[in-house]
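**Q** Pasting a predicted model and its sequence here:
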Amino acid sequence: MKAIVYTEYGPPDVLHLTEVKKPAPRDDAVLIRVCATTATAAEGTMRRGEPLWGRAILGLRRPTRNIMGLELAGEIEAVGKDVTRFKAGDRVYGFTGFGLGAYAEYVCMPEQGSLVVKPANLTYEEAAAVVDGASTAWTFLRDKANVQRGHKVLVLGASGSIGTSAVQIAKHLGAEVVGVCSAANVELVKSLGADRVIDYTREDFARNGDVYDVIFDAVAKSSFSHCKGSLAPEGIYLSTVFKLPLLLQWLWTSMVGGKRAMSTMSIEKTEALTLIRELIETGKLKPVIDRRYPLEQLAEAHRYVDTGRKKGSVVITVAHDASSGTARQPAVT
């Protein structure tokens, strides 16, 4: 099968399309025929070997897990003999987590992994686009911050893959939502339901006197100290990136009360993906896709993501030829 492999850390040029052995599922796993995956900022940091502590998982001097890819949508081709949740032919979407491997025509995942039947009203490309962004936003806003009707929520990075979902989910939960993004993306964020949008190139949200129950930093470009003055007395600052300063602030604010800093790691996504599917199928959440690239142009997709200018998700399509099992790649859109 075809896969994108990297054997050293570095720029997008370290990603190469090559032939590798097609995997076979264990007794408790499924074999997925990947139809779509994504290129994300998180995978860009993996490709560069950042942060350094992450190399304890990825490989100290060079990557030991040579096929990246976190999000996927596709069709189950085969199941292990002990599998009961899925059957061949099921159309699924999911998150590979530390197993990675979605940058390929096929990948195996454990039956109990973050994998569920995909929303019926989405294409494979659309389904792949919402896996991590929507499930992460759901976990942070509902589970960590307990966002409810009447809350006021600020979303930093409201035009990104997590941010576009966060705006829609916060509205679904009943909050008043203010998004922060660049001027080029203001209309997009408004179209997703934001009550107001701040262009960060013209206005600093932290200086306008507004106060929020929750500030969700979906791009980890701000800090608790910068946001603290804009939080309500019991307000919560959420960040998607788990850094040491935030950990210390989290521990301290949990002890002293009042304004709090929080983060979490959402690796197990089965429940969230199931709930997200319901939102999508009832029209309460929609994917946002910036660009589509074929698998063979994944390095180019990473270059674009590295610019930091993407809106929503960058999707990678994996088109299979039924007669030969090889991928026919569409043009970038």
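**A** Yep, that arrived. Numbering: from 1, shown residues only.
**Q** Lowest mean pLDDT among the helices and strands of the protein, which one is it?
**A** helix 244-256 (a mean of 59; mean pLDDT, DSSP states H and E).
**Q** tell me the phi and psi of the residue nearest the centre of the chain?
**A** With distances taken as C-alpha atoms, centre = their mean, Asp132 lies nearest the centre of the chain, 2.9 Å away. Per-residue torsions, Asp132: phi -80, psi -40 (degrees, to the nearest 10).
**Q** shouldn't it be in contact with Phe95?
**A** Yes: at 6.0 Å, Asp132 counts as touching Phe95 under the criterion of C-beta atoms under 8 Å. Every residue, glycine included, has its C-beta placed from N, CA and C.
**Q** so what sits against both of those two?
**A** Taking C-beta atoms under 8 Å, 6 or more residues apart in numbering as the contact rule, Asp132 and Phe95 both touch Leu70, Glu71, Lys269.
**Q** Check the spacing between the first one and Cys181 real quick.
**A** What it means is Leu70. Leu70 sits 23 Å away from Cys181 when distances are taken as C-beta to C-beta, to the nearest Å.
**Q** And for Arg26?
**A** 43 Å.
**Q** now Lys22
**A** Distance, Lys22 to Cys181, by C-beta to C-beta: 41 Å.
**Q** Asn66 now?
**A** Applying C-beta to C-beta, the value for Asn66 to Cys181 is 35 Å.
**Q** So for these two, which residue has more residues nearby?
**A** Cys181 (26 against 20; other C-beta atoms under 10 Å).
**Q** Check the residue lying closest to that one once chain neighbours are set aside and give its pLDDT.
**A** Nearest non-adjacent residue to Cys181, counting by C-beta to C-beta, 6 or more residues apart in numbering: Ser159, 4.2 Å away. On the pLDDT scale, Ser159 is placed at 97.
**Q** Run a quick neighbour tally on Ser159.
**A** Neighbour tally, Ser159, other C-beta under 10 Å: 27.
**Q** so who does it touch?
**A** With contacts defined as C-beta under 8 Å, 6+ apart, Ser159 is in contact with Gly179, Cys181, Ser182, Asn185, Leu188, Val189, Lys311, Gly312.
**Q** Which of these fall in helices?
**A** Counting by DSSP state H, the contacts of Ser159 place Leu188, Val189 in helices.
**Q** out of the contacts of Ser159, who has the most neighbours?
**A** Tallying neighbours with other C-beta under 10 Å puts Gly179 at the head of these, with 30 neighbours.
**Q** Pull the number of nearby residues for the residue lying closest to that residue once chain neighbours are set aside.
**A** Closest residue to Gly179 apart from its sequence neighbours, by C-beta to C-beta, 6+ apart: Ala158 at 3.1 Å. By other C-beta under 10 Å, the residues close to Ala158 number 32.
**Q** How about the secondary structure of Ala158?
**A** Three-state assignment for Ala158 (DSSP: H, G, I helix; E, B strand; the rest coil): coil.
**Q** wait, isn't it in contact with Lys171?
**A** No: using C-beta under 8 Å, Ala158 is not in contact with Lys171, being 11.7 Å away.
**Q** between those two, what contacts are shared?
**A** When contacts are counted by C-beta under 8 Å, 6+ apart, the set common to Ala158 and Lys171 consists of Leu192, Ala194.
**Q** what's the distance between the residue nearest to Cys181 and Ile236?
**A** For Ser159, the distance to Ile236 (C-beta to C-beta) stands at 22 Å.
**Q** Can you tell me the strand partners of the biggest strand by length in the chain and which way each runs?
**A** Criterion DSSP state E: the longest strand present in the chain is strand 29-39. If you go by DSSP bridges, strand 29-39 pairs up with strand 71-79 (antiparallel), strand 106-110 (antiparallel), strand 313-317 (antiparallel).
**Q** residues in contact with the last one?
**A** In this case it means strand 313-317. Residues from elsewhere that reach strand 313-317, judged by C-beta under 8 Å, 6+ apart: 35-40, 103, 125, 128-130, 133, 161, 287-295, 298, 301, 304-305, 329-330.
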